[in-house]
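S.K.: need coordinates for the following:
(2 chains)
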Amino acid sequence: MRALLWLMMSLLTLPGLSVAASDPASIAMMEAVGRHADIGRQQARLRFVLTPKSGAAQVRESVAYRGADDEVRKLAIVFESPAAIRGSGFLTWDARDPALADDQWLYLPALRRTRRIPGRERGSYFLGTDMSYDDIRSFGRIQVAEYRLSPQVKVPGQPHLTEISGEPVDAATAKDLGYSRVLWRIDTQRALIVQSTHWDLQGQVLKTVTYDDFLQLGMQWTPRSIVVNNLKTGHRTELYFSDIANDAIFDMAQLTPAGLERSR
Amino acid sequence: MNTTLTSRRSRIWMMAGLLVVIAAFGAGLTRIYKQPSIEALVPKDSSALSLRSTVRSTFGLRDPLVVALIAENPNDMLTADALTAVSRATEALRQVAQIDPDQVFSIATEQWVRTEGDELRVEPLLPALPLPPDAEQQLKRALDAAPDYRGTLIAQDYSAALIAAELRDGVNPADTYEAVLEQMNALDLPQGITVHIAGEATSSGFLSRYIDRDATVLTPAAAALMLVMLGLFLHSWRGLAAGALVMLGTLATTVGLMGWLGSPLYVITSCLPAVLLCISIADVVHYGERVARLRSEGKAATEAISEALHDLYRPMLLTSMTTAAGFVGMALTAALPPLVDYGWYAAFGVTVAWIFTVVGVPLLFQLIGTPSTTVARSPRRLALSIPTRWTDFLAEYPLLVLSLVGLLTALGVSLATRVEFNEERIRNFAQDSTVFMADRALNERFAGVNFLDVYIHAEPGTSLLTPDQLARVAGLQTWMETEGGFAATHSVVDLLRNITRAINPDRAQTLPVSAEEAEQFLLLYEISGPPGDLRQEITSDRSQLHLRGHLKTANYQTNKPVVEALQAELDQRFAGSGLNAEITGSVHVTHSFFGPYLPSTLTGISASAAMVFLICALLQRSLLQGLLCIVPVGAAVLGVFGFMGALGIWLNVATSMFASIGIGLGVDFAIHTLHSIRSGLSRGHAGAALTRFVYADVGRPLAANALILALGFSITLLSSIPPLRSFGLLVAATICASYLAAILILPSLYALATRHRVAQLQPATSEGVTR
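M.R.: Now for the predicted structure:
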């Protein structure tokens, strides 16, 4: 009887398990992709071009600093133009331990001091762009345990491109990420995500993110152009990186609240 | 005119040709689409519409669907259960597939800025679920810091909360309403809290549904009624077949043509098919009855068909032309696209009905046989006789009759001065309808969901964010709320003031002290929300600003002085400032098209009357006869205006059509009465005898004709849209009044004129008018 029960339970649960499990080859591919994202200290000029569905684009020039230690990944963005916001800076400390809260600070010349601002949810929009905090933090890397990854599908006519679809493993993760599904298009030769399409929690296509103009720095590739088209609102975000310097020589104190004030 | 074809094959081919024409036009029915929005009323070249379109596009504005949670008592919305319900309802709305989840606004989504020690927080007015024990205090603190949300997102007395949601592009508002209703019904609301759904998107959705409902109710009901009438008057399935052919031909060609030409079905034109059905069968009744009568007199079928057509061709042409002229007059002078469409397509339909009657019906009778010979007697049984003692009285006292008619007309003119020229979109809904009640509830509890906005744009080289320009806009908002008649206003200046107070609570200046500070405060807000979070308030280059003004009503007359005062204030406040300020918003669109509408309505009525007069005068070769045709219907229209004044029926876009249409239809009674008078004169009747002759000759048929048309237009009483019901009632009243005016005024005038000088009058040329 117990054996029969065990058999019935197995029959009931096995199909679910097989659906829930990610494809091993896809896991391997996404892990390979992730290796590019874990860069060291980097400095770059970053141009934000935010274009509403209609109307003029908003262009902001900034300098971005990235660095990390064993506990946190740090990112500072200091705006240079337009002139009215020159010297304004934003700093985020992303704790490697998911259990720990993130820290964020903002410096506005009008405030004359740095103020702490609450950490945002992973799915929240980053600095008013169409990218989420998670998009920025992960920078093309995903935590494979959070997704059920489908087997890879070759892109017809493009032998070096493949597509992997991922769905959050549960509703809570979906809500955390802000997506119900993501489709990644991957350059298998260089193990790079070249495009991703994201569906919102209602199952409607939300946005496409296109990574382009890759620059090889040592063994790693980094995109110099990220274009996000929000298909729901018609809003478009373009991020352009230039003067990228990996392992750049800058004081890590730059990535502290006090450093933010000094950057102006 | 002789359409008697000798070859049966030729008749079949000709009938087949007519059916092909019907099918070809009818195929256009599949291309018909609905246009229930307020913009549909406005000419496409309207500067107000163009500006509104620019502003909507620039700031990404869309018609909102508004959900209100309304409690029974003040402060009831501050309970934990009620506030939780607001959060859940907000989240539920975000789950609706047709709604843009980033464009849902409530106290659970809108943010305020506060400082706590060294920390700068931008967070929702209402804390996230699960609510902390002090949620009420937190909310009140937030609303104190951001007071502009009181009255707009939460009632001043905390008795209601509002959630505004924008629809995704291209979705069906009616489906969205159902989906929202389903979500709201699924909520476990605290006792005493009710949900109301309103807003422009809801109105459009309901109107779209009403157009569908009217199309499925009015047109079949009109067709059924007309077939019953035909059955009563012609007593023959062949007569019914003739009527069905004319109705089908008229409807398929006219509405099909609308489809082929890309004309939408407006709220106004949704009753056009039913109206055309009613008008189209009038000639079929006359012609069928004449054919049957000739058959009863022993004429062969072919001979009866031909002779009846010969007798009635001209009068049917005359009455159809005058009816079409009424519509053309309206089309030529109307400024609003729905009325222009209505006029032209109705005129086309009347012409088509005449063609099918003089071509299709004779052909059909030749193919399937003529109506029964008993028909000739049936109208006599059914027609409405005027009792002899009445006719005697009317014949003997023509001066008294004319005096009484004159008195009634004077009374009508007097009451007509009380007619209110007014428009309010919500009046398209019955007062007990969900939409109407929701709109009323929302406007009672909140600052109003009717928007009169100001679009402010800087001239090149001028910044909107300098302290003096911000102060100028802030001053305008203060004026609008204290003197301008607005219940609330909202702009990016409110946001800047809230941030300034939060960051510098001790500073005297409540607005940023420099353009740089303003820009940095906006940066602070923008980086805390979704992309384009400020897009509805200020453009990214900070050169254009959208100021929203809330009004409690969309009533044209109430808002007219508000619009005019605001324009004067803008002219004075922004002169030489480097900023341009223009009024826009849905209330302004209504104001812009409805303001000039009264003169164009009066011009339209005059044009219709002039065209009808000209046609009557030309075809009867007499200016006097033309004038006599127009006098009774003129008195009737004045009387109906008095009726409107007495009953408080507004003269608005829908009801304004009645006069032009009524003139075109009502003049027929005068034409027939005058023909009968000429016939009586030619027979030597004069004075009272002439009046008696006229009543005996045309009194009953004209009464039957009036009854058919009035009943036909009364079909619109089945409409879901109150203004269309009023329109149908007014046309029916005009038809009845025109009939009465024609048979009272004209015989009495002639009776007086011929009482002492019968011998001098010469018989007029006769046209066999029998309609």
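S.K.: and the helix or strand where residue A:213 lies, what does it pack onto?
M.R.: For residue A:213, the host element (DSSP states H and E) is strand A:205-217. Using 3 or more Cβ pairs under 8 Å, 6 or more residues apart in numbering or on different chains; DSSP states H and E, the elements in contact with strand A:205-217 are strand A:192-199, strand A:220-230, strand A:236-246. In this view, the C-beta of every residue, glycine as well, is placed from N, C-alpha and C.
S.K.: report the strands that pair with the first one, each with its relative direction.
M.R.: What it means is strand A:192-199. Partner strands for strand A:192-199, per DSSP bridges, with pairing direction: strand A:181-187 (antiparallel), strand A:205-217 (antiparallel).
S.K.: weakest of the ones you listed by average pLDDT?
M.R.: In terms of average pLDDT, strand A:205-217 trails the rest of these, at a mean of 91.
S.K.: can I get that one in PDB, CA atoms only?
M.R.: What follows is strand A:205-217, C-alpha atoms only, in PDB (Å, rounded to 0.1, in the frame of the first residue of the first chain):
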ATOM      1  CA  VAL A 205       5.300  42.500 -23.400                       C
ATOM      2  CA  LEU A 206       6.900  45.200 -21.400                       C
ATOM      3  CA  LYS A 207      10.200  46.100 -23.000                       C
ATOM      4  CA  THR A 208      13.100  45.000 -25.100                       C
ATOM      5  CA  VAL A 209      16.700  45.700 -24.000                       C
ATOM      6  CA  THR A 210      19.300  45.700 -26.800                       C
ATOM      7  CA  TYR A 211      23.000  45.500 -25.900                       C
ATOM      8  CA  ASP A 212      25.400  46.500 -28.600                       C
ATOM      9  CA  ASP A 213      28.800  47.900 -29.600                       C
ATOM     10  CA  PHE A 214      30.700  45.500 -27.300                       C
ATOM     11  CA  LEU A 215      34.200  46.400 -26.200                       C
ATOM     12  CA  GLN A 216      36.600  43.700 -25.100                       C
ATOM     13  CA  LEU A 217      38.600  44.500 -22.100                       C
END
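S.K.: report the distance from the longest helix along chain B to the chain centre.
M.R.: Longest helix in chain B by number of residues (criterion: DSSP state H): helix B:200-234. Remark: helix B:200-234 is offset 15 Å from the chain centroid, using Cα atoms, centre = their mean, to the nearest Å.
S.K.: end-to-end on stretch B:287-306?
M.R.: With Cα to Cα, to the nearest Å as the measure, stretch B:287-306 spans 11 Å from end to end.
S.K.: mean pLDDT added to the helices and strands packed on strand A:205-217, as JSON lines?
M.R.: As requested, the helices and strands packed on strand A:205-217 are exported to JSON lines (pLDDT from 0 to 100):
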{"stretch": "strand A:192-199", "mean pLDDT": "93"}
{"stretch": "strand A:220-230", "mean pLDDT": "90"}
{"stretch": "strand A:236-246", "mean pLDDT": "90"}
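S.K.: remind me which helix or strand the residue nearest the centre of chain A belongs to.
M.R.: The residue lying closest to the centre of chain A (Cα atoms, centre = their mean) is residue A:135, at 1.8 Å. Using DSSP H and E, residue A:135 sits in helix A:133-138.
S.K.: one more: residue B:335?
M.R.: Using DSSP H and E, residue B:335 falls within no helix or strand.
S.K.: nearest spatial neighbour of it, skipping sequence neighbours?
M.R.: Once flanking residues are discounted, residue B:335 sits nearest to residue B:600: 4.7 Å by Cβ to Cβ, 6 or more residues apart in numbering or on different chains.
S.K.: so who does the one you found touch?
M.R.: Residues near residue B:600 by Cβ atoms under 8 Å, 6 or more residues apart in numbering or on different chains: B:333, B:334, B:335.
S.K.: for ChimeraX, what selects the buried ones among those?
M.R.: Entered in ChimeraX, the line below selects the buried ones among those, by 16 or more other Cβ atoms under 10 Å in any protein chain shown:
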select /B:333,334,335
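S.K.: pick out whichever of the contacts of residue B:600 sits closest to chain A.
M.R.: Nearest to chain A out of the contacts of residue B:600 is residue B:335 (Cβ to the nearest Cβ; 29.0 Å).
S.K.: residue contacts, the closest one?
M.R.: Here residue B:335 is in contact with B:43, B:593, B:596, B:597, B:600 (Cβ under 8 Å, 6+ apart).
S.K.: could you rerun that using 7 Å?
M.R.: B:43, B:596, B:597, B:600 (Cβ atoms under 7 Å, 6 or more residues apart in numbering or on different chains).
S.K.: which pLDDT value goes with it?
M.R.: If you check residue B:335, the pLDDT there is 75.
S.K.: that one and residue B:594, how far apart?
M.R.: 10 Å (Cβ to Cβ, to the nearest Å).
S.K.: over to residue B:732?
M.R.: Taking Cβ to Cβ, one finds residue B:732 at 25 Å from residue B:594.
S.K.: swap in residue B:45?
M.R.: For residue B:45, the distance to residue B:594 (Cβ to Cβ) stands at 17 Å.
S.K.: what parts of the stretch 51-200 of chain A come near chain B?
M.R.: Proximity of the stretch 51-200 of chain A to chain B (Cβ under 7 Å from any Cβ of the partner chain) is limited to residues A:52-58, A:84-85, A:88, A:90, A:106, A:108-111, A:115-118, A:125, A:127-130, A:200.
S.K.: pull out the buried residues from stretch A:222-235.
M.R.: By 16+ other Cβ under 10 Å, the buried positions in stretch A:222-235 come out as A:222, A:223, A:226, A:227, A:228, A:229, A:230, A:231, A:232, A:233, A:235.
S.K.: contacts only, for residue B:114.
M.R.: Residue B:114 touches B:121, B:145, B:502, counting by Cβ under 7 Å, 6+ apart.
S.K.: hang on, it in a strand?
M.R.: Yes. Under DSSP: H, G, I helix; E, B strand; the rest coil, residue B:114 sits within a strand.
S.K.: helices of the stretch 1-150 of chain A, residue ranges please.
M.R.: With helices called from DSSP state H, counting those that start in this stretch, the stretch 1-150 of chain A shows them at A:2-20, A:24-37, A:133-138.
S.K.: the helix or strand harbouring residue B:672: what's the following helix or strand?
M.R.: Using DSSP H and E, residue B:672 sits within helix B:657-682. Going down the chain from helix B:657-682, the next helix or strand is helix B:687-694, by DSSP H and E.
S.K.: got the angle between that following helix and helix B:657-682?
M.R.: Angle, helix B:687-694 to helix B:657-682, by axes from the mean of the first three to the mean of the last three Cα atoms, to 10 degrees: 120 degrees.
S.K.: same question for helix B:687-694, mean pLDDT?
M.R.: For helix B:687-694, the mean pLDDT works out to 89.
S.K.: again with stretch B:613-632
M.R.: Mean pLDDT, computed over stretch B:613-632, is 90.
S.K.: would you mind pulling the contact partners of that stretch?
M.R.: B:318, B:321-322, B:325, B:609, B:612, B:667, B:669-671, B:674, B:738, B:741-742, B:745-746.
S.K.: show the buried residues in those residues.
M.R.: Here, 16+ other Cβ under 10 Å leaves B:318, B:321-322, B:325, B:609, B:612, B:667, B:669-671, B:674, B:738, B:741-742, B:745-746 buried among the contacts of stretch B:613-632.
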